[in-house]
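# This is a predicted model, with the sequence first.
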Amino acid sequence: LFISFLFLVAMQGMENISPLSIKWIHTSDKFNRDPALYQTAWYFFLNDSWRFPFGSNPNYGEELGGSIVIADVIPIMALFFKSLKSFIPDNFQYFSFWFFICFYFQLFFSFNILKKFTKSVPYSFVGSFFFLFAPIFIYRLQWHASLAGHWLLLFALYLGLTQKIDKAKWSWFFLIILASLINIYLTVIILTVYSALRIFNFSFDKKNFFKLIKDFFIISIPLLLTLYIVGYFEMRLVDALGLGFGVYKMNLLSIIDPVNIISWSWFLPDIKLSWGEDIEGFNYFGLGQIMMVLFAFALFLNKNYKTNLFSIKNNKEIKILLIISIFLIFWALSNKIAFGSYTLVEIPLNKYVYGALSIFKGTGRMFYIVSYFLLILSILIIFKCFNKKKSLLIITSFLIIQIADTSAGIKYRINILEPISTEIRLKDQIWEDLFKKYKILKTTYPINYTTLFWDFSYFMEKYNIEKTNIVALSRTKRKAAAEIRYYTYDNFRKK
C-alpha cells in the first residue's frame, strides 16, 4: 500500500490526489486530453437521476450517445460513487483512487505469481517492479484510464498459471464479471484465455461435454445481464462497429519501438511505424525487459540448464498459455502483418467478418497479456538457472536498466499532470455570463470528438451545466446524430 501511494504521489503530484482536485484532469496538453473525457462524462452521470439501465447517461451526448461505457468512465467506479451521491460534492473525481488501485494490484498480483513459483520474497518483490514500470501500463494511466486495469490480466495469469481451471471456475467467473464492469477489451482478452484453457483441458466424453456447456452457459447469462445493466446495449450493434481494424494494430517491431507520441527510451531510436501502430499498437518492452527476455531465451535454449528448467518446460499450464499467446499475437497483428514500414502479409476479409472484427478495432491491445506472460517466464527462467543471490542480482541489474531507459517516458507522464490555465480559454466575460444564465450547452452541429469539447469541458463542470451534446465518446449513434442535424437545419430554414 505504501509503495502504491508513493508511486501515485510521484506520478500525479500530492496536489492532484484529492477527489476534489479536477483541474489537472482538464489538462491543456494537446497530446493528453483523454482524462477530460472521463471526468466530464462522470460529472453528468453523477448529477443525473438514476435511470435504467443503470449506466444510462443521456444528459451527456443526447442524440450522440447515452451510456457511461462509451465514455470510458470505469463503470464500476461510476456506479459505486454515484450510489454515494448524497455524501460527495458535485465536482468529485475518483480517478486518483483508480490509479492507486491499479498501482496496488499491479504489484500485488505480479508479486504473488512470482512468489508462487520461486518461494522467494526478495526475488518476487524486485521482479514485481518490472510490471509497475511497464511502459504499456504507465502509458494507459492517462490514455484510456480504464485500460490501465492491467492487474485484471495479471489476475487472469495468476489463475491460469497457479490454479486448475476446473477448480477455479468461480474465481474466473468473478474475474470476467469484474472486468466487464471496467473495460470491454480486458474482458475479451480474459474471456479468450479462460475459454482456451477450458477447451485445452477438456476431456472428450459425454459427461465432461455437458459440464463444459453448462459452465459456459452459467457465465454467459450473468455476463450478458451485467453488460445490459451497465449500458453496453444502449446503442445499435451497427454503431458499435468502428473504423480502425487493421489500422490500430501491432507491428512486428512494436516491442522494440519506444515512440508513440513521446519517446519511452533514452537509448533506442524511433522506428517509423504508422500512426495507428504507434498509438494503439504501442507495446514497447523497455530496454531492461528486452535484454532480460533475450537473456532468458538464451538460457532456455542452453542444454546445460535443461535439468533446471524441467519444471517450466513440462508445465501444462505454461504450454497452453504459450499457444494462447500465439493466437493473441496474430489477433494483435490483425490481417495486415507489418515489419516496420513493410507489409509482409495482407489477408483480404469478407465484409461481414471485417465488420464483426471491427467491434474490437484496437487489436494492438490484445498483446498486453502476452507481454506480461513473457515477462513472468523470463523472470522465472533466470531464477531456475542460478542460485537465489545471483538471480536476484541479475534481475536487479535488468530492472535498473529498465527504469533508466523508460524514465524518458515516465518523466513526461509526470509533467503532463499540471492544472490547466483557465486564462487561455474562453477569456471573454460573455462566456461567464452565459454559463451563469443558461444550463444547457448545445451545438447545432453535433459530432463526436468536436474540437469544442476541450474548450468547454472544464467550464461545463465549473458552472454546473445540466445537459450537452458537445462530447467525446468511444462510439456514437451515427444515424441519430445525422437525423438531429438534418432536423435542426430544416427548422432553421422553415423559420
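Looks like it arrived, so ask away. Residues are numbered from 1 along each chain as shown.

# Q93 in helix, strand or coil?
coil (DSSP: H, G, I helix; E, B strand; the rest coil).

# Who are the contact partners of the closest residue to F45 other than its chain neighbours?
Spatial nearest neighbour of F45, chain neighbours left out: N57 (4.6 Å); criterion: C-beta to C-beta, 6 or more residues apart in numbering. Glycine gets a C-beta too; all of them are placed from N, C-alpha and C. The contact partners of N57, by C-beta atoms under 8 Å, 6 or more residues apart in numbering, come to A41, F44, F45, D48, G65, G66, S67, I68, A71, G231.

# Which members of those residues occur in helices, if any?
Under the assignment DSSP state H, those contribute A41, F44, F45 to helices.

# Out of the residues you listed, which is nearest to E346?
Distances from those to E346 were compared by C-beta to C-beta; the smallest belongs to A41, at 36.7 Å.

# The residue nearest to that closest one when sequence neighbours are not counted: what's it in contact with?
Using C-beta to C-beta, 6+ apart and skipping the chain neighbours, the partner closest in space to A41 is A71 (3.4 Å). The contact partners of A71, by C-beta under 8 Å, 6+ apart, come to L37, Y38, A41, W42, N57, Y60, G65, V471, L473, S474.

# how about TSV for the residues you listed, with distance to I318 and pLDDT added?
Formatted as TSV, the entries for the contacts of A71 read as follows, by distance: C-beta to C-beta, whole Å; pLDDT from 0 to 100:
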residue	distance to I318	pLDDT
L37	39	84
Y38	37	87
A41	41	90
W42	40	92
N57	43	92
Y60	45	91
G65	43	73
V471	45	88
L473	40	82
S474	35	78
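
# Which one of those is nearest to F386?
Here the nearest of those to F386, counting by C-beta to C-beta, is Y38; it sits at 44.6 Å.

# Checking that closest one next. Helix, strand or coil?
Using three-state DSSP, the structure places Y38 in helix.

# how close does it get to K211?
Applying C-beta to C-beta, to the nearest Å, the value for Y38 to K211 is 41 Å.

# ditto for N314
When C-beta to C-beta is the yardstick, N314 and K211 sit 27 Å from each other.

# Same drill for the two, tell me which one is more crowded.
The residue with more neighbours, out of N314 and K211 and counting by other C-beta atoms under 10 Å, is K211; that gives 15 against 9.

# mind listing what S274 touches?
With contacts defined as C-beta under 8 Å, 6+ apart, the neighbours of S274 are V247, N251, A338, S341.

# now L114
Under the criterion of C-beta under 8 Å, 6+ apart, the contact list for L114 reads Y123, S124, G127, S128, I376, I379, L380.

# which of the residues you listed are buried?
Of the members of the contacts of L114, the ones counted as buried by neighbours, 16 or more other C-beta atoms under 10 Å, are Y123, S124, G127, S128, I376, I379, L380.

# quick revisit: got a ChimeraX select line for the buried ones in the ones in helices among the contacts of N57?
Taking 16+ other C-beta under 10 Å as the burial criterion, the selection of buried members of these in ChimeraX is written as:
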select :41,44,45
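
# In a strand, K390, correct?
No: under the criterion used here (three-state DSSP), K390 is helix, not part of a strand.

# count of residues packed around it?
11.

# Same question for the one 5 residues further on.
With neighbours defined by other C-beta under 10 Å, the count for I395 comes to 25.

# Could you do A36 as well?
For A36, the number of neighbouring residues by other C-beta under 10 Å comes to 23.

# From what I see, it and Y458 are in contact.
Yes: counting by C-beta atoms under 8 Å, A36 touches Y458, with 7.2 Å between them.

# anything in contact with each of the two?
Common neighbours of A36 and Y458, counting by C-beta under 8 Å, 6+ apart, are H26.

# could you say what helices and strands the one helix or strand W454 maps to packs with?
Per DSSP states H and E, W454 falls inside helix 452-462. The contact analysis (3 or more C-beta pairs under 8 Å, 6 or more residues apart in numbering; DSSP states H and E) places helix 452-462 against helix 34-46, helix 429-437.

# again, only using 7 Å
On a contact count with 3 or more C-beta pairs under 7 Å, 6 or more residues apart in numbering; DSSP states H and E, helix 452-462 meets helix 34-46.

# Give me the nearest residue to the residue nearest the centre of the chain, chain neighbours excluded.
Residue closest to the mean C-alpha point of the chain, counted by C-alpha atoms, centre = their mean, is L147 at 1.3 Å. Among residues not flanking L147 along the chain, R140 sits closest, at 4.5 Å (C-beta to C-beta, 6+ apart).

# What separation do you get for the one you found and E277?
In this structure, R140 and E277 are separated by 16 Å, where distance is defined by C-beta to C-beta.

# what's the answer for K427, then?
Taken as C-beta to C-beta, the span from K427 to E277 is 39 Å.

# just I359 next, same as before
20 Å.

# before we move on, back to that, between the contacts of S274, which sits nearest K116?
Set against K116, the nearest of the contacts of S274 by C-beta to C-beta is N251 (33.4 Å).

# give me phi/psi at the closest one?
Summarising the backbone geometry of N251 under the convention degrees, to the nearest 10, its torsions are phi -100, psi 150.

# which non-adjacent residue is nearest it?
What sits nearest to N251 in space, not counting adjacent residues and going by C-beta to C-beta, 6+ apart, is E277, at 4.4 Å.

# sorry, back to before: which of the buried ones among the contacts of L114 fall within helices?
Of the positions in the buried ones among the contacts of L114, Y123, S124, G127, S128, I376, I379, L380 sit in helices, assigned by DSSP H.

# What ranges does the chain have for its strands?
Along the chain, counting by DSSP state E, strands occupy 336-339, 342-346, 440-441, 467-468.

# Would you tell me which one of the ones you listed is buried the most?
Relative to the other members of those, strand 467-468 carries the highest mean neighbour count by mean count of other C-beta atoms under 10 Å, namely a mean of 20.

# Tell me which residues are up against that strand.
Contacts to strand 467-468, defined as C-beta atoms under 7 Å, 6 or more residues apart in numbering, come from residues N59, Y60, E62, I440, L441, K442, M460.

# doesn't F456 make contact with the fifth one?
Yes: taking contacts as C-beta atoms under 7 Å, L441 lies within contact range of F456: 6.5 Å.

# Need the overlap of contacts for those two.
For the pair L441 and F456, residues contacting each of them under the criterion C-beta under 7 Å, 6+ apart are I470.

# Go ahead and confirm N308 touches I382.
No: counting by C-beta under 7 Å, N308 stays clear of I382, with 10.3 Å between them.

# which one of the two has more residues nearby?
The neighbour comparison of N308 against I382 (other C-beta under 10 Å) goes to I382, with 21 against 16.

# Run through the residues that contact that one.
By C-beta under 7 Å, 6+ apart, I382 lies in contact with A296, L299, S391, I394, I395.

# mind checking how far it is from I376?
To I376, I382 is 11 Å away according to C-beta to C-beta.

# Would you list the buried entries among the contacts of strand 467-468?
With neighbours counted using 16+ other C-beta under 10 Å, the contacts of strand 467-468 contain these buried positions: N59, Y60, E62, L441, M460.

# Tell me which two of these sit farthest apart.
E62 and M460 (13.7 Å).

# on that earlier part again, comparing K427 and E277, which residue is more hemmed in?
When K427 and E277 are compared on other C-beta under 10 Å, the one with more neighbours turns out to be E277, at 29 against 10.

# if I read this right, the more buried one contacts K249, doesn't it?
Yes: between E277 and K249 a contact is recorded at 6.3 Å, counting by C-beta under 7 Å.
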